[in-house]
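Enquirer: Okay, structure incoming, though there's no sequence with it:
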């Protein structure tokens, strides 16, 4: 029963992606743009140079991690809509610790990452605790916590003592906290000379290429191990499959919920940390949600809640986000077409699963 | 899963609506394909508000479209969705080979400065930011928003029946504070004992919050409220409509949102700023390395043309007199707490 399901999940995903691109093409045609031209601009914008590929990976990194966060919670029967808020808390923590706590590089980077993971975990476990203790639906509480995180972020960032004068953001983090490859060296005279001599590396160094992607892959492997090779993962999954059976089997479901949300929150917090230490170097005041957490939901769905699937889906989404944005100035087609394509893909993926789920429950009822 | 599908369907539908709106505006540059003659090309990168924000990004794009028509240049835009998009967006419009790259909004100040330093042969310009040390290929464009706010503040002060008026700001930082202090100075000019309620919504998008702030101000007795809060102001205008009170719009003439309740608007003509500078570029006079300030004198700010609908002629005449004095440099409109405290009422005679 299980294996064919898994196999067809990949098939459904691939078909959905093709259908999404097809619907995108139809809409482009309908509003008067040449879809072939649009897609070739997009493909060229992704694969046209090493620099573009580097940007694609940078775009993919945070959403791979938030995708993992959503997928992990989902595997344990929880719906983590709060990845957005956990991301914000993680990013804010990274920006503050990265600036205010000077340390040698070798210590600083892990310290910043651990602080952000902890902050994200705490944020996530609030929702887990509320659910375990008072039965508050985690969908509601995480949505609320997203807004609390947003305003908490603005409260800190816009504080006169914290914000960088003349800006709406925190101070840039110290060099020692950055995970950008050779960030100091590449701007030095030595680095400049090297870049002149090696156009390939120059292309990469023009982007803030960073270790975030490696961290994301490491996180994916870790999630895979936790879920499949540890007692913790086993009991979390058991709660996800059937709460009552798990409790009957001696698993403490309350503490399971809290640990599950804590791990999911930690992953999203890590996403925020990686984005700050690898790219933005600061936390900004937010006028609205940025959407890294919500994009994570799409990534998790496209990745079929599988950690490796999340990495691939994140890369795909990142590529669409970066390459797709280029069709706007080149041929004038609206950037929103990317959101339409993504939305369509997710809809197609969600629909067959829905149908299958209904079939399974009907069968169960019949039995 | 079911819930999620519905959620996604809604998001999907909303995106579609946004798309259709944009189409009409975008169609124009797409037709400019043939490139026998090398035309000047200008591109703008929006901030996260997007090109249909009913505010300065939209105004900027209108300015560019006007420049396209009048000056026969190529124009295009690129939207930013997240703060992290600024840097890669700067880079990809650079790859496209434009003569001038605009950044709309001071949130992009760092990204533009960095791009300008890395690419000394490319012209850049930014709206709403003045650099301490401007590279020679970059121009900062700022608007003296306090001047327009001062004029609408004076109108509010002269027209209030209750002796109480309100100010709703978006997020509190210097650009929005200029509106606040200019407005308060204008009110002070109209009458020293008029009370001004001030509140910041901590948002530029939350219309519901704008409405609740406006309602509470109206309840406390204010009868005219001015906002400098982007989308939050839509809530204010709605509250004014429901309660039959006055609202004062910002950035563009917002009278169309509530013809009977928007008294006037403090306009910030981002479109004029963009147009003028693009024109100077096309004529080969790009003022690189400087900060250009657009105030009343340059037509960069002002009160809305529809003001005469609701504001009596005698008050408008006084406004005009104040405007002339500001343009002549007879006094400087306060834009900080300190200069407001030091502000002395100007003799209108």
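Expert: Happy to help now that I have it. In this text the structure is predicted, and so the values were computed from the model without any measurement. Residues are numbered from 1 along each chain as shown, chains lettered A, B, ... in the order given.
Enquirer: For the residue of chain A found nearest chain B, give me the pLDDT.
Expert: Across chain A, the shortest distance to chain B (C-beta to the nearest C-beta) belongs to residue A:332, at 3.4 Å. The C-beta positions use only the backbone N, C-alpha and C, and glycine is treated the same way. Listed pLDDT for residue A:332 reads 84.
Enquirer: Show me where the stretch 151-300 of chain A has its helices.
Expert: Using DSSP state H, counting those that start in this stretch, the helices of the stretch 151-300 of chain A run over A:189-197, A:199-205, A:212-229, A:231-241, A:243-248, A:253-275, A:292-302.
Enquirer: Same list, these, but as a markdown table with mean neighbour count, distance to chain B and mean pLDDT please.
Expert: Shown next, in a markdown table, are the helices of the stretch 151-300 of chain A (neighbours: other C-beta atoms under 10 Å in any protein chain shown; distance: least, C-beta to the nearest C-beta, whole Å; pLDDT from 0 to 100):
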| stretch | mean neighbour count | distance to chain B | mean pLDDT |
| --- | --- | --- | --- |
| helix A:189-197 | 12 | 11 | 87 |
| helix A:199-205 | 16 | 11 | 87 |
| helix A:212-229 | 18 | 12 | 96 |
| helix A:231-241 | 18 | 14 | 91 |
| helix A:243-248 | 13 | 17 | 89 |
| helix A:253-275 | 28 | 7 | 95 |
| helix A:292-302 | 28 | 7 | 94 |
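Enquirer: So which of the ones you listed is nearest residue A:322?
Expert: Among these, the nearest to residue A:322 by C-beta to C-beta is helix A:292-302 (12.7 Å).
Enquirer: now whatever helix or strand comes next after that closest one, how far from the chain's geometric center?
Expert: Using DSSP states H and E, the next helix or strand after helix A:292-302 towards the C-terminus is helix A:307-324. Relative to the chain's own centre, helix A:307-324 is displaced by 10 Å; criterion: C-alpha atoms, centre = their mean, to the nearest Å.
Enquirer: neighbouring contacts of helix A:307-324?
Expert: Helix A:307-324 is contacted by residues A:13, A:17, A:42-46, A:52, A:55-61, A:63-65, A:67-68, A:71, A:216-217, A:220-221, A:223-224, A:227, A:295, A:298-300, A:302-303, A:335, A:337-338, A:341-342, B:88 when judged by C-beta atoms under 8 Å, 6 or more residues apart in numbering or on different chains.
Enquirer: Make a PyMOL selection of the buried ones in those.
Expert: Buried members of the contacts of helix A:307-324, defined by 16 or more other C-beta atoms under 10 Å in any protein chain shown, are picked up in PyMOL with:
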select buried, (chain A and resi 13+17+42+45+46+52+55+56+57+58+59+60+61+63+64+65+67+68+71+216+220+223+227+295+298+299+300+302+303+335+337+338+341+342) or (chain B and resi 88)
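Enquirer: Let's see the distance spanning stretch A:225-243 from one end to the other.
Expert: In stretch A:225-243, first residue to last residue: 22 Å (C-alpha to C-alpha, to the nearest Å).
Enquirer: how much distance is there from that stretch to the middle of the chain?
Expert: Taking mean C-alpha positions (C-alpha atoms, centre = their mean), stretch A:225-243 and its chain are 22 Å apart.
Enquirer: go on, stretch B:169-188?
Expert: Using C-alpha atoms, centre = their mean, the offset of stretch B:169-188 from its chain centre is 13 Å.
Enquirer: Report the buried residues of that stretch.
Expert: Buried residues in stretch B:169-188, defined by neighbour count with 16+ other C-beta under 10 Å: B:169-171, B:173, B:175-188.
Enquirer: Repeat that for stretch B:63-76.
Expert: Buried residues in stretch B:63-76, counted by 16+ other C-beta under 10 Å: B:63, B:64, B:65, B:66, B:67, B:68, B:71, B:73, B:74, B:75, B:76.
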